[in-house]
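> A predicted structure for the sequence below; I have some questions about it.
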Number of protein chains: 4
Amino acid sequence: MAGRTKFQKAMARTIGSNGARTAEAIRQAGVKLIYKHGYEAMSLRQLAAEVGLQSGSLYKYFENKQNLLFDIVRDHMEDLLGKAEADLAGITDPLARLKTFSAFHLRYHMTRMAHVFIANMEIRSLEDEHRAVVVALRRRYEGLLEEILRQGAEDGVFQVSEPKVATYAIISMLTGICMWYRPGGRLSQDELVEIYTGLVVDGATGPGPATAARAKPLEAVAAQPRDSGTRAKPRAARPKTARA
Amino acid sequence: MAGRTKFQKAMARTIGSNGARTAEAIRQAGVKLIYKHGYEAMSLRQLAAEVGLQSGSLYKYFENKQNLLFDIVRDHMEDLLGKAEADLAGITDPLARLKTFSAFHLRYHMTRMAHVFIANMEIRSLEDEHRAVVVALRRRYEGLLEEILRQGAEDGVFQVSEPKVATYAIISMLTGICMWYRPGGRLSQDELVEIYTGLVVDGATGPGPATAARAKPLEAVAAQPRDSGTRAKPRAARPKTARA
Amino acid sequence: MAGRTKFQKAMARTIGSNGARTAEAIRQAGVKLIYKHGYEAMSLRQLAAEVGLQSGSLYKYFENKQNLLFDIVRDHMEDLLGKAEADLAGITDPLARLKTFSAFHLRYHMTRMAHVFIANMEIRSLEDEHRAVVVALRRRYEGLLEEILRQGAEDGVFQVSEPKVATYAIISMLTGICMWYRPGGRLSQDELVEIYTGLVVDGATGPGPATAARAKPLEAVAAQPRDSGTRAKPRAARPKTARA
Amino acid sequence: MAGRTKFQKAMARTIGSNGARTAEAIRQAGVKLIYKHGYEAMSLRQLAAEVGLQSGSLYKYFENKQNLLFDIVRDHMEDLLGKAEADLAGITDPLARLKTFSAFHLRYHMTRMAHVFIANMEIRSLEDEHRAVVVALRRRYEGLLEEILRQGAEDGVFQVSEPKVATYAIISMLTGICMWYRPGGRLSQDELVEIYTGLVVDGATGPGPATAARAKPLEAVAAQPRDSGTRAKPRAARPKTARA
DNA sequence: GATGAATGAGTATTCATTCAT
DNA sequence: GATGAATGAATACTCATTCAT
């Protein structure tokens, strides 16, 4: 997590002063512009103009364009992780934890779309060292869900043979909401939480009655023998070991 | 779909000639470099070096850096759409169609990760006109799945109150595979198809036995006590009206 | 010599106060950093950091970066000139004066290498008006040696046909010591003074026995007839007129 | 000596073409401007304007501002060293070699003042790796003179107790000529060569008759009464060991 | 006496693109 | 089909300097 950055020092030193307000304005404008144009495509001139400064003056507030991105992404990830842990605190039942996680993730992503988008899309633009920090935080976050799935599977309430894969699948699905959700749409946040969480829970708890006949499902259907000479083994028989 | 581009002309004019080979090499190098560095971050000098040309010479093969991106993304989307339609042709049962779509999407995404990644990430970098073309193609692709879900819901085999939302959710989930899948991992493509498709089908067909007790689910759990009187209506009862 | 500068005012106003100490610290740090990086390459931010100030605060102590350099160089030159005159005061014999000058110059240059280096190297960085002042001081300093040589030649004790040229040659030679001398080396300052002064005196007093045969020297040797159609006249015959 | 640089490649590839002419023009303008303003103070915009280009276009001809400097300095040093060795080739008598070296050095420095000045002044601006290369070349050049002095001392024709120190002294003296020499001055190059070489030879061959009385010279004169008991040993008695 | 925020002009460098050859 | 020279505009970043507090 390294030493606090220029931005954070500026915030700490002069809370409430003009400097702190400028720092915050820069950060917000940064999020907005990176969201809109992408990190590479955002120029510091644009950013400076957005907050009413000369571009050189930005360097009072960060060392680097790169560090601005890192600050934004790392702070976001720490916030996400912290809030998720807080929401889950005290809940023990795996199903309840899964619903809580899902609801939290969705609400967070619907509320802070730009931050989320940046954190997902611009990891590529982070320098190695910075990316390592962010990826580690993301792994910890994914770990929360993976552990929920693993526990639920152990308890017999979830049918999840590959918790890691399921984790990726679920998080991708939930995160995807910020690719299309816009506030004020037809469906409320609550409704969307309900729908998505339903999908997640159904996926985790396994086949319902309608798919009882799914004993030998895919092979019968995947007509196109693309490079798939390898016949898929039946689900249950798959090893429960480790990482994909 | 606009007039054929320089690339296509070059391909057409000199099929088999050195020029066509160069054109193809440029395209491939372009995909590789955009995948690796991002469109904005890839320089034409890099690209030229990759195929052993001077950067000025690239302009025999495309009008623009922008057009190179557009060519790549549009061709990819047309390919994706065409292959999906081909795979689905002749299958009528909604469940079979859903499995087919899911399997196709997964296999395609595991096989052509770079193209897929670019098509998803670099839409932002397309100029308005180009983006419109690509977004339209993507809508058509999403439409395939949405129609499947809609049909299945009508037939009573799927429990999907919001086909559009479900479409986004499923596609996000499936597409997410190319964020972490690497060939040669512990799980084969077939196994992954099996797992993911299971999740999809479970999500579409609705609650399994394990979640029978899900009568008053989320409210009991969601920290935010948003008007807890408004009991979430049972799924099926939700209005089928329009877009989210 | 213009009005006293901010630095001098700051020194005068608050002798012994914190301000004077800061002023001196800035001066010393300035010498150190200009010596190390060069005037152009030294930034005022560096300088400020070195003395524990914000760069803006430096302007309480000088008008300009340029003036800081000028202050340093002019003060150095005045010091050099004053001390040389003091050392020579009361000595009349040309040979003794020559040895004194040489010894003084060497010791001064071995002791204050940074100042000397700056005064020699950064004249180029002075603005015209400032450079004129410094060059005038340097001329006066060179004049001391030239006059010694001229007097010694008149007295017949030196064999110097071109005092101006000899002055440049000797000063270059002596000053060169600060390009390589480092305190604590194998040879003491005294030893170096002895060696260098020997060279100076030998040069001034003319040919020793070993070079008796040097009547028609160079031509016989300089085989390569580079652009030298002009045969060099024998030394003694050269006109004693004016500046080279 | 590392791989040839962009500049050299440009020269090699297109001899006589416009590119080569531009390359040469850039080099010459670079020498001129660095000489005039110093490396740090010369901007690439100035340089580009001088040769009638946009500043970005310069990068066809060098990788870096730094590399331009390095190219200039290294090529100069290699040229200097090569020509000195060529001039000395075949001459064996130490006195003749000393005169040849002196004459060569002077003529070279009077002819290529800007290059020489740069090579001496801007070493500080070279990055470590580049400086190492240049310093090594300079050492080899100094080694030529040192070896001459050492040989002459062994042969008994020179009275030089410290060849290394004498080398520095002589080279400083000779090089100093380019601080004031301007072509077309009162004294011809030949005359100056004659004067300076006289000084060098006198210094190397030791005390002439006029300084016979120099038995206890310096102590009687040096103001600083540093332990005057330590009588300076007679020159010849000084240890011939190693580095200063 | 010192700060910290800001400026505005400057820096080296990179880029997509053009075009005569 | 390809080169190599060049452009012109842009980029991130640094600098000396100012000034209200």
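Now that the structure is in, tell me what you want to look at.

> A:Q54 against A:A48, yeah?
Yes. Contact criterion Cβ atoms under 8 Å: A:Q54 and A:A48 qualify, at 6.0 Å. C-betas here are computed from N, CA, C, even on glycine.

> Between those two, tell me which one has more neighbours.
More crowded of A:Q54 and A:A48, by other Cβ atoms under 10 Å in any protein chain shown: A:A48, with 17 against 9.

> And A:K164, which helix or strand is it part of?
helix A:163-175 (DSSP states H and E).

> Next one: that helix, is it in contact with chain B?
Yes. Judged by Cβ under 8 Å from any Cβ of the partner chain, helix A:163-175 and chain B are in contact via A:V165, A:A166, A:Y168, A:A169, A:I170, A:I171, A:S172, A:M173, A:T175.

> The helix or strand A:R139 falls within packs against which elements?
Element membership for A:R139 (DSSP H and E) is helix A:128-155. In this structure, helix A:128-155 packs against helix A:65-88, helix A:94-111, helix A:163-175, with contacts taken as 3 or more Cβ pairs under 8 Å, 6 or more residues apart in numbering or on different chains; DSSP states H and E.

> Just the C-alphas of the second one, formatted as PDB.
Right, the one you point to is helix A:94-111. C-alpha atoms of helix A:94-111 as PDB (Å, rounded to 0.1, in the frame of the first residue of the first chain):
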ATOM      1  CA  PRO A  94     -23.800 -18.700   3.300                       C
ATOM      2  CA  LEU A  95     -27.000 -18.000   1.400                       C
ATOM      3  CA  ALA A  96     -27.600 -14.800   3.300                       C
ATOM      4  CA  ARG A  97     -23.900 -13.900   2.800                       C
ATOM      5  CA  LEU A  98     -24.300 -14.600  -1.000                       C
ATOM      6  CA  LYS A  99     -27.300 -12.400  -1.200                       C
ATOM      7  CA  THR A 100     -25.700  -9.700   0.800                       C
ATOM      8  CA  PHE A 101     -22.600  -9.800  -1.400                       C
ATOM      9  CA  SER A 102     -24.600  -9.700  -4.500                       C
ATOM     10  CA  ALA A 103     -26.700  -6.800  -3.400                       C
ATOM     11  CA  PHE A 104     -23.800  -4.900  -2.100                       C
ATOM     12  CA  HIS A 105     -21.800  -5.400  -5.300                       C
ATOM     13  CA  LEU A 106     -24.700  -4.300  -7.500                       C
ATOM     14  CA  ARG A 107     -25.600  -1.200  -5.500                       C
ATOM     15  CA  TYR A 108     -22.000  -0.200  -5.300                       C
ATOM     16  CA  HIS A 109     -21.500  -0.600  -9.000                       C
ATOM     17  CA  MET A 110     -24.700   1.200  -9.900                       C
ATOM     18  CA  THR A 111     -23.700   4.100  -7.700                       C
END
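
> Going toward the C-terminus from the helix or strand bottoming out on mean pLDDT in chain A, what's the next helix or strand?
Least confident helix or strand, chain A: helix A:6-13 with a mean of 56, by mean pLDDT, DSSP states H and E. Heading C-terminal from helix A:6-13, the first helix or strand you meet, by DSSP H and E, is helix A:18-37.

> Report all helices and strands that that following helix contacts.
Using 3+ Cβ pairs under 8 Å, 6+ apart: helix A:18-37 touches helix A:6-13, helix A:44-51, helix A:65-88, helix A:113-121.

> Go through it and flag the buried ones.
Within helix A:18-37, the residues scored as buried using 16 or more other Cβ atoms under 10 Å in any protein chain shown are A:A20, A:T22, A:A23, A:I26, A:R27, A:A29, A:G30, A:V31, A:L33, A:I34, A:Y35.

> Among those residues, which one lies nearest to B:V193?
Of all the buried residues of helix A:18-37, A:Y35 has the smallest distance to B:V193: 33.6 Å, by Cβ to Cβ.

> isn't that closest one right next to A:A119, touching?
No. Between A:Y35 and A:A119 there is no contact under Cβ under 8 Å: 10.5 Å.
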